[in-house]
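1. attaching a predicted model along with its sequence, questions to come.
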Amino acid sequence: MDIQLQEVEYRYAAGTPFERLAIQHVSFAIPEGAFLAVIGHTGSGKSTIIQHLNALLQPTKGKVIIGDRVISAGKKEKNLKAVRKKVGIVFQFPEHQLFEETVEKDISYGPMNFGVPEEEAKRRAQKLIRQVGLSEEVLQKSPFDLSGGQMRRVAIAGVLAMEPDVLVLDEPTAGLDPRGRKEIMDMFYDLHQKRGLSTVLVTHSMEDAALYADEMVIMHKGKVYKQGKPRELFSQPDELAGLGLSVPDVVRFQHRFEALSGIQLTKTCLTIDELAEELSHAKKRGGLS
Amino acid sequence: MKEPVISIRHVNFRYPEQTQYALKDISLDVAKGEWLAIVGHNGSGKSTLAKMLNGLHYPEEGQVTICGFSLKEEFVWEVRKRLGMVFQNPDNQFVGTTVQDDVAFGLENNGVPHEVMTARVKNSLQRVGMLDFLNQEPHHLSGGQKQRVAIAGVIALQPDIILLDEATSMLDPRGREEVLSTVRQLKEEQDLTVISITHDLEEASRADRIIVLNEGTVYREGTPEEIFQLNEELIGLGLDVPFPVKLSRVLRLEDFKIVSNHLTEEELVRELWTSNFKK
Amino acid sequence: MMEKMIFGRYLPLQSAVHQLDPRAKLLFIFGFVIVVFLANNALSYAVLAAFTFVLIYLSKINIRFLFAGLKPVIWLIAFTFLLHIFLTKEGDLLVEVGFLKVYEGGVRQGAFISLRFLLLIFVTSLLTLTTSPISITDGLESLLNPFKKLKLPVHELALMMSISLRFIPTLMDETDKIMKAQMARGADFSSGPIKDRIKAVVPLLIPLFVSAFKRAEELAVAMEARGYRGGEGRTKYRLLHWKWKDTVALSLLFVLAAVLWRLRS
């Protein structure tokens, strides 16, 4: 399923003295099977965009096309559940949405809202609890007896249980320790790879954007500043610095090296291994000359 | 080592109704004017230790002395005047309805006279760069700004020690940078002792000394250079290491000559260039 | 949704009304509520209305803003008006539709009562629009101070009020976030039979309570760490200054009362 945003504008509290323009002229597409990263500062409009992807917000101008549904400005929209079933959102600090007596019930809440029978929902809960790295015994516990990191995983399982076609992640690893961060991102990437799940990652971590995304949108002051492949966009660190954004450590290091040595590597490296390999080549070339 | 402002001797601590010790036989000193980072994964006991330093927990066994006061109920308010704390969640420590009210809160609690109070509120806010936000309400501030106000609230009480309990973990990169540069600047201006409890590498590598906690005990102690050399060992503990350390390791495997252990990219770039490419 | 609420909001402007001592404004409102009842004929109501509009003018608050703020109570006013029209049986009969009879006295009563209601809402809105919530709290604390002798926990009440005020926007944001998160999981808050709708609120309320308790706990720890140990020995950052203008404002109320007394029939 594809999602397309066309010239989307959104104003909060439109028509009151407190009106505020959040995003404007936002156009981009999320083709099926893509892994798209959206980066930008807090307040650049990222969260507003997310809420358009499953019609939690309706644009005040322009339109959002989600599969075969068109959500456009000014129209009264009905039966949005059908849209929300297809686009799962893991919000920032998703553990705040837990409420049921048991983990199993909480994971089943989403699917059952969308008409999945209880048996099936439970089956999904059993499968997913392991997928997010917890044991089955957790299912019968109260979510409020778990640690913060475990709660986060349960909440994620609750969204995955809806079996959406598109998964939207808003800073899914915020506040976790390094190990937890890596485990969770690897899990999402695995899902994307194995099942071709379209994924939208909203993040402050340039490392994650470089590592996982195949397409990147840079938001700045409510507008799409640029869109492209991470490798292209990160090859202009000065431009990103101008927006107050950074580039991954690897990229910054490569640019420092190139500036000091005068040697140009053949491509912008996104991982440490890539960089080491490129440097080896450069060394050999240097040795020959 | 200079005179210690904090000394902890053989401290054990359990949470009520728990058999497992959250802190086991912890002993450490903090020198005046030092920046100490305490790192450890979630559940390593670092937050428990932080709360103990502020008298929010008392040791079950052992001794904690802060600025000459033994940590007991009778001295706890004296300790709190000397050790100010900045917590993790920017929202849940903002008491006042506006920025200036919040900074004044601690001063009011300590019975500071009104004229002194107004001067100190202004001065503290100026030092954290938030003087222009005097009448702002908290929900109009960013996370980083709220944490700077919290810091202003702490320094208004003119403490000897400032303790950051994961104070940057809920912030975006910009907010994190705001808070860390504010703390660094304050530390340079006066002889402030800084203790930061963190799993942020940036924050830890700026410290003079790092203590690694694991399962309630002091696992390692040393300068950032020494600690980050442990590399794999830290990753095994659920921690991370700075980028130059990671890169050095991979480069060495690729037969590059990297002799020293670098914490900054500048140093590593220079050595990479001079010992491997330059002729 | 909540951003459209105007009633109870503070608009920071610079005006004579804004600069008054909150205690003066609180006492003024208290007095005004009583004085309003002195008016009982067209002339006295006209004076009362004129007085109110002068106040609004002095406050520099856009009158449209006040009318916009009326929206939530407009039905209440309309209902009161209709109730009086149909239930008062005085004066000449004006219209008769079936069993409903409208008398001249009913229309007059209805108009007066609605006007009284309207003016009271205007003046109280003016208080919240021109006085920051924290000043209102300070004013109340100061006015209630004498009751401390009667063991009324005045400091604690004021602190509770100011903390609530500080956390209202935070909790509103939080409500919005949790609501959206549950809607993304298929919750429906706005349609279906009433029974389902009540059930739908559970996934919103529980997380909200859990988070509010967590906040309360953390806030208590933070307050303790910052040296809070009750009202004893505390000094105050915000001091109230009673100025001659405040005395003048209160005297105006007495003048109004006297005029209305003279005009009433």
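-> Cool, the structure landed. Numbering: from 1, shown residues only, chains lettered A, B, ... in the order given.

2. residue C:103 is in contact with residue C:95, correct?
-> No: using Cβ atoms under 8 Å, residue C:95 is not in contact with residue C:103, being 9.1 Å away. Placement of C-beta: from N, CA and C, glycine included.

3. neighbours around residue B:190, how many?
-> Residue B:190 has 11 neighbours, counted by other Cβ atoms under 10 Å in any protein chain shown.

4. quick one, phi/psi of it?
-> The phi/psi pair for residue B:190 (degrees, to the nearest 10) reads phi -140, psi 170.

5. for residue B:235, give me its contacts.
-> Listed by Cβ atoms under 8 Å, 6 or more residues apart in numbering or on different chains, the contact set of residue B:235 reads A:178, B:241.

6. quick check: which element contains it?
-> Assigned by DSSP states H and E, residue B:235 belongs to helix B:232-236.

7. average pLDDT across that helix?
-> What helix B:232-236 shows for mean pLDDT is 87.

8. pull the CA atoms of it into CSV?
-> Taking Å, rounded to 0.1, in the frame of the first residue of the first chain, the C-alpha atoms of helix B:232-236 are listed here in CSV:
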residue,chain,number,x,y,z
GLU,B,232,33.9,-4.7,24.2
GLU,B,233,33.5,-5.1,28.0
LEU,B,234,31.4,-2.0,28.2
ILE,B,235,29.2,-3.1,25.3
GLY,B,236,28.7,-6.4,27.2
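
9. how much space between residue B:240 and residue B:109?
-> Shown here: residue B:240 relative to residue B:109, a distance of 38 Å by Cβ to Cβ, to the nearest Å.

10. next one: residue B:241
-> Distance of residue B:241 to residue B:109, computed by Cβ to Cβ: 41 Å.

11. show me where pLDDT drops low in the chain?
-> Let's take chain A. A:17, A:287-289 (pLDDT under 70).

12. meant chain C actually
-> Within chain C, the set of residues satisfying pLDDT under 70 comprises C:1-8.

13. strands along that one, start to end?
-> C:93-97, C:100-103 (DSSP state E).

14. looking at those strands, which is buried most?
-> Counting by mean count of other Cβ atoms under 10 Å in any protein chain shown, strand C:100-103 has the highest mean neighbour count of the strands of chain C, with a mean of 15.

15. residue B:273 reaches residue A:259, doesn't it?
-> No: using Cβ under 8 Å, residue B:273 is not in contact with residue A:259; the gap is 10.3 Å.

16. more neighbours: which of those two?
-> For residue B:273 versus residue A:259, neighbours defined as other Cβ under 10 Å are more numerous around residue B:273 (16 against 10).

17. please report how far the more buried one lies from chain C.
-> Note on residue B:273: its distance to chain C, by Cβ to the nearest Cβ, to the nearest Å, is 49 Å.

18. pLDDT on the helix or strand encompassing that residue, on average?
-> Residue B:273 belongs to helix B:265-276 when assigned by DSSP H and E. Taken as a whole, helix B:265-276 has an average pLDDT of 91.

19. and the residue nearest to the spatial centre of chain A, what is it in contact with?
-> The centroid of chain A falls nearest to residue A:201 when counting by Cα atoms, centre = their mean (1.3 Å). If you count contacts by Cβ under 8 Å, 6+ apart, residue A:201 has them with A:35-38, A:169, A:172, A:188, A:208-209, A:212-213.

20. same question for residue B:250.
-> A:272-273, A:276.

21. can I get the residues you listed in CSV including neighbour count and distance to residue B:97?
-> Written out in CSV, the entries for the contacts of residue B:250 read as follows (neighbours: other Cβ atoms under 10 Å in any protein chain shown; distance: Cβ to Cβ, whole Å):
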residue, neighbour count, distance to residue B:97
A:272, 18, 48
A:273, 13, 52
A:276, 20, 54
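
22. what residues does the helix or strand in which residue A:83 is found touch?
-> Per DSSP H and E: residue A:83 is located in helix A:81-86. By Cβ under 8 Å, 6+ apart, the surrounding residues in contact with helix A:81-86 are A:1, A:54-56, A:66-67, A:69, A:71, A:113-114, A:162, A:164-166, C:183-186, C:188.

23. what do you get for stretch C:229-247?
-> By Cβ under 8 Å, 6+ apart, the surrounding residues in contact with stretch C:229-247 are B:77, B:100-101, B:104, B:107-109, B:111-114, B:117-118, B:121, C:16, C:19-24, C:134-135, C:138-139, C:142, C:155-156, C:159.

24. kindly report the same for stretch C:126-145.
-> The contact list for stretch C:126-145 (Cβ under 8 Å, 6+ apart) reads B:97-98, B:101, C:7-13, C:15, C:17-18, C:20-23, C:25-27, C:29, C:55-56, C:59, C:61, C:65-66, C:152, C:154-155, C:157-158, C:161-162, C:165, C:238, C:240.

25. give me the buried subset of the residues you listed.
-> Buried subset of the contacts of stretch C:126-145 (neighbour count, 16 or more other Cβ atoms under 10 Å in any protein chain shown): B:97-98, B:101, C:7, C:10-11, C:17-18, C:20-23, C:25-27, C:55-56, C:59, C:61, C:66, C:154-155, C:158, C:161-162, C:165, C:238, C:240.

26. just the ones in helices from these, please.
-> Cross-referencing these against helices under DSSP state H gives B:101, C:22-23, C:25-27, C:55-56, C:59, C:66, C:154-155, C:158, C:161-162, C:165.

27. just these that are near chain A?
-> Among these, none lies close to chain A by the criterion of Cβ under 8 Å from any Cβ of the partner chain.

28. what is the burial count for residue C:184?
-> Neighbours of residue C:184 using other Cβ under 10 Å come to 28.

29. helices or strands up against the host helix or strand of residue A:49?
-> Using DSSP H and E, residue A:49 sits within helix A:46-52. On a contact count with 3 or more Cβ pairs under 8 Å, 6 or more residues apart in numbering or on different chains; DSSP states H and E, helix A:46-52 meets strand A:3-12, strand A:20-30, strand A:35-39, strand A:166-170, strand A:198-202.

30. alpha carbons of the last one, as PDB, please.
-> C-alpha atoms of strand A:198-202 as PDB (Å, rounded to 0.1, in the frame of the first residue of the first chain):
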ATOM      1  CA  SER A 198       6.700  -0.200   4.800                       C
ATOM      2  CA  THR A 199       8.300   1.700   7.600                       C
ATOM      3  CA  VAL A 200       8.400   5.400   8.400                       C
ATOM      4  CA  LEU A 201      11.000   6.400  11.100                       C
ATOM      5  CA  VAL A 202      10.900   9.800  12.700                       C
END
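
31. how far off centre is the following helix or strand past that strand?
-> As assigned by DSSP H and E, the chain's next helix or strand after strand A:198-202 is helix A:206-212. Distance of helix A:206-212 from the chain centroid (Cα atoms, centre = their mean, to the nearest Å) equals 11 Å.

32. cool, and stretch C:223-236?
-> Worked out by Cα atoms, centre = their mean, stretch C:223-236 lies 30 Å from the chain centre.

33. for that stretch, buried residues please.
-> So, applying 16+ other Cβ under 10 Å, buried residues of stretch C:223-236: C:223-228, C:234-235.

34. got a list of what the residue lying closest to residue A:160 once chain neighbours are set aside touches?
-> Excluding its sequence neighbours, the residue lying closest to residue A:160 (Cβ to Cβ, 6 or more residues apart in numbering or on different chains) is residue A:128, at 5.4 Å. Counting by Cβ under 8 Å, 6+ apart, residue A:128 touches A:107, A:157, A:160-161.
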